[in-house]
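>>> how would this look folded up:
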Amino acid sequence: MVEKLFRLKERRTNVKTEIAAGITTFMTMAYILAINPNILSSTGMDATAVLLATCLASFIGTVCMAFMANLPFALSAGMGLNAYMAYTVCGNLGYSWQVALLAVFIEGIIFIILSLTKVREAIFDSIPLSLKRAVSVGIGLFIAFIGLQNAGLAVDSATLVELVDFRENFSTTGICALLAVIGLLTMAILYIKRVRGSILIGIFATWILGIICELAGLYVPDADMGAYTLIPSFHMTDFTSISKTFGQCFNVDFDAVGIFNFIVVVFSFLFVDLFDTLGTLIGVSTKAGLLDKDGKLPAIRPALMADAVATTAGAVLGTSTTTTFVESSAGTAAGGRTGLTALTTAVLFLLSMFLAPIFIAIPAFATAPALILVGFLMFSTVSEIKVDEKNYASAIPAYLSVIAMPLFYSISEGIAIGVISYVVINLACKKYKEINPIMYILAVLFVLKYIFL
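Residues are numbered from 1 along each chain as shown. Below you'll find the model as predicted:
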């Protein structure tokens with residue numbers, strides 16, 4: 001039955017590997033269960049309701065990805081998009097969270113229509129192979145940078161970012177950063193020695209080591225410093241809270257909503273989600289070897305549909321845009337190749353509704369090493385980008401795309417800069433045949449985005 005549903009032998013994997021990969025993906029994504037309620041509750045939303053909505057939307061979207069596309073990708077409330085909703089739409093623009101959820105819902109409906117008409121699929125296929133490989137490399141650097149931040153190793157400074165001072169606040173931030181370094185080295189050694197589940201083992205080992213440090217007094221929880229206890233509590237969640245956000249996207253006073261500004265909000269969500277999702281699918285698929293010889297993802301259409309359905313469902317449940325997570329690369333690095341990986345992650349998201357306090361207790365410094373290591377694995381694709389003089393017209397846009405993602409902290413910005421520069425450079429060099437017609441449209445849309453959004 002499992003073989004028939006997920007074609008494990010065809011992709012040279014097995015049940016044990018897929019389940020381990022699914023658990024690994026979940027462990028690197030579990031932080032969203034703590035962060036999303038924290039961010040969205042600033043809009044006036046109930047934090048517990050947001051937690052439940054996040055779990056349910058993640059479950060629905062990831063199950064759709066598992067059965068519709070048979071791909072090892074997981075979905076949840078997108079980072080960046082939740083901050084945009086909370087701090088820009090509800091904060092700066094002053095809209096209620098109900099209006100913001102309505103914008104997300106409409107965005108999801110538009111995505112469903114685009115997926116049915118093959119528009120998103122055509123966009124995916126139009127991107128040249130050099131840029132697809134660059135996206136994989138760029139995402140590698142991007143998630144490695146996220147990992148360094150989550151580990152507490154990369155901190156703000158006068159030079160924008162610098163290495164943390166381990167001696168300062170050692171019992172809180174310092175010890176966490178040190179544990180992350182130990183976790184990374186442990187994970188790397190296990191991976192080099194080809195130990196199965198090395199990433200997952202590294203996460204748990206780092207967490208357990210942190211608990212030991214807390215019990216020994218080396219790590220001291222301090223809420224004001226953002227350092228919380230590493231020992232999970234065992235209380236149940238109030239499931240009735242979901243009623244506080246469910247269906248509230250339809251409870252909107254349209255007379256109080258400026259139509260033009262609302263349209264801008266919808267298209268802002270649309271642009272970021274579209275190209276974050278495409279970038280993630282391109283990058284993770286490239287590294288996992290799921291693209292065909294022409295650089296296309298055979299299951300791209302159902303994958304995009306799963307993403308669209310998840311966004312729409314998430315808005316109804318009460319959470320910001322649900323999108324394919326770049327942390328899925330942790331699962332593919334652990335050997336995940338089919339929808340069974342996604343299904344495992346989905347089930348864990350559903351179970352986390354009951355055991356949320358335990359999953360939330362997994363500290364960021366324990367999952368951060370996984371992101372850093374996976375970033376290295378994705379970065380290795382850089383060797384496949386041709387950078388000789390004959391290929392400068394494609395190599396330079398690829399380079400710009402790579403550096404833009406971590407430095408501008410956005411996958412979609414990296415794609416935008418890569419697309420615009422690719423079209424401009426190849427046009428200037430009179431290499432018209434190298435440009436897919438859809439690339440012209442994308443370049444113009446990206447330029448208009450920077451002008452108006």
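
>>> Give the buried residues for the worst-scoring helix or strand of the chain on mean pLDDT.
Using mean pLDDT, DSSP states H and E, the weakest-scoring helix or strand in the chain turns out to be helix 259-288, at a mean of 78. Of the residues in helix 259-288, 262, 264-288 count as buried by neighbour count, 16 or more other Cβ atoms under 10 Å. For the C-beta atoms, the positions are set from N, CA and C on the backbone; glycine is no exception.

>>> which is the next helix or strand following it?
helix 300-317 (DSSP states H and E).

>>> Could you list every helix and strand that that following helix packs against?
Helix 300-317 makes packing contacts with helix 47-64, strand 75-77, helix 97-116, helix 119-126, helix 259-288, strand 322-324 when contacts are defined by 3 or more Cβ pairs under 8 Å, 6 or more residues apart in numbering; DSSP states H and E.

>>> Also compute the angle for that helix relative to helix 259-288, please.
130 degrees (axes from the mean of the first three to the mean of the last three Cα atoms, to 10 degrees).

>>> Now do helix 300-317, average pLDDT.
Mean pLDDT, helix 300-317: 93.

>>> That helix to helix 97-116, inter-axis angle?
Orientation of helix 300-317 against helix 97-116 (the same axes, to 10 degrees) gives an angle of 160 degrees.

>>> show me the contacts for the closest residue to residue 166 other than its chain neighbours.
Of all residues not flanking residue 166 in the chain, residue 174 sits nearest, at 4.6 Å (Cβ to Cβ, 6 or more residues apart in numbering). Residue 174 sits next to 164, 165, 166, 167, 168 when contact means Cβ atoms under 8 Å, 6 or more residues apart in numbering.

>>> Distance of the nearest residue to the last one once chain neighbours are set aside relative to residue 225?
Think residue 168. Nearest residue to residue 168 in three dimensions, chain neighbours excluded: residue 174, at 6.3 Å (Cβ to Cβ, 6+ apart). Distance, residue 174 to residue 225, by Cβ to Cβ, to the nearest Å: 11 Å.

>>> what residues are up against the most centrally placed residue in the chain?
By Cα atoms, centre = their mean, the chain has its centre lying nearest to residue 325, at 2.8 Å. By Cβ under 8 Å, 6+ apart, the contact set of residue 325 is 25, 29, 73, 74, 75, 76, 78, 280.

>>> Same list (the helices and strands packed on helix 300-317) but as a markdown table, adding distance to residue 330.
Output for the helices and strands packed on helix 300-317, formatted as a markdown table (distance: least, Cβ to Cβ, whole Å):
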| stretch | distance to residue 330 |
| --- | --- |
| helix 47-64 | 14 |
| strand 75-77 | 13 |
| helix 97-116 | 25 |
| helix 119-126 | 22 |
| helix 259-288 | 10 |
| strand 322-324 | 13 |
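
>>> With residue 199 as the reference, name the closest of the ones you listed.
Of all the helices and strands packed on helix 300-317, it is helix 259-288 that lies closest to residue 199, at 13.9 Å by Cβ to Cβ.

>>> residue ranges of the strands in the protein, please?
Secondary structure of the chain by DSSP state E: the strands cover 75-77, 154-155, 162-163, 322-324.

>>> highest average neighbour count across those?
Using mean count of other Cβ atoms under 10 Å, the stretch among the strands of the chain with the largest mean neighbour count is strand 75-77, at a mean of 31.

>>> what does that strand rub up against?
Identification of contacts with strand 75-77 by Cβ under 8 Å, 6+ apart yields 29, 32, 36, 54, 57-58, 61-62, 65, 306-307, 310, 314, 319-325, 349.

>>> among those residues, which ones are buried?
Neighbour-count burial (16+ other Cβ under 10 Å) applied to the contacts of strand 75-77 gives 29, 32, 36, 54, 57-58, 61-62, 65, 306-307, 310, 314, 319-325, 349.

>>> For the chain, give me the ranges with low pLDDT.
Scanning the chain for pLDDT under 70 picks out the ranges 254-257, 357, 359-360, 453.

>>> Could you chop it up by domain?
With domains defined by automatic domain parsing, the chain comprises 2-227+251-384, 389-452.

>>> which of those domains sits most buried?
Most buried of the domains of the chain, by mean neighbour count (mean count of other Cβ under 10 Å): domain 2-227+251-384, with a mean of 21.

>>> As a check, name the ranges of all helices in the stretch 351-453 of the chain.
Applying DSSP state H, counting those that start in this stretch to the stretch 351-453 of the chain gives helices spanning 364-379, 392-407, 411-428, 437-452.

>>> Quick check: residue 387 vs residue 7, distance?
Residue 387 sits 36 Å away from residue 7, going by Cβ to Cβ.

>>> for residue 410, that is, sorry about that
According to Cβ to Cβ, residue 410 and residue 7 sit 34 Å apart.

>>> Could you measure from the residue nearest to the centre of the chain over to residue 335?
To residue 335, residue 325 is 18 Å away according to Cβ to Cβ.

>>> likewise residue 244?
The value you get for residue 244 to residue 335, if Cβ to Cβ is used, is 40 Å.

>>> Repeat that for residue 403.
Computed as Cβ to Cβ, the residue 403 to residue 335 distance reads 30 Å.

>>> And for residue 49?
Counting by Cβ to Cβ, the separation of residue 49 from residue 335 is 36 Å.

>>> and the nearest residue to residue 262 once chain neighbours are set aside, what does it touch?
Nearest non-adjacent residue to residue 262, counting by Cβ to Cβ, 6+ apart: residue 103, 6.6 Å away. Residues near residue 103 by Cβ under 8 Å, 6+ apart: 89, 262, 265, 266, 269.

>>> residue contacts, residue 286?
Counted by Cβ under 8 Å, 6+ apart, residue 286 has contacts 132, 133, 135, 136, 381.
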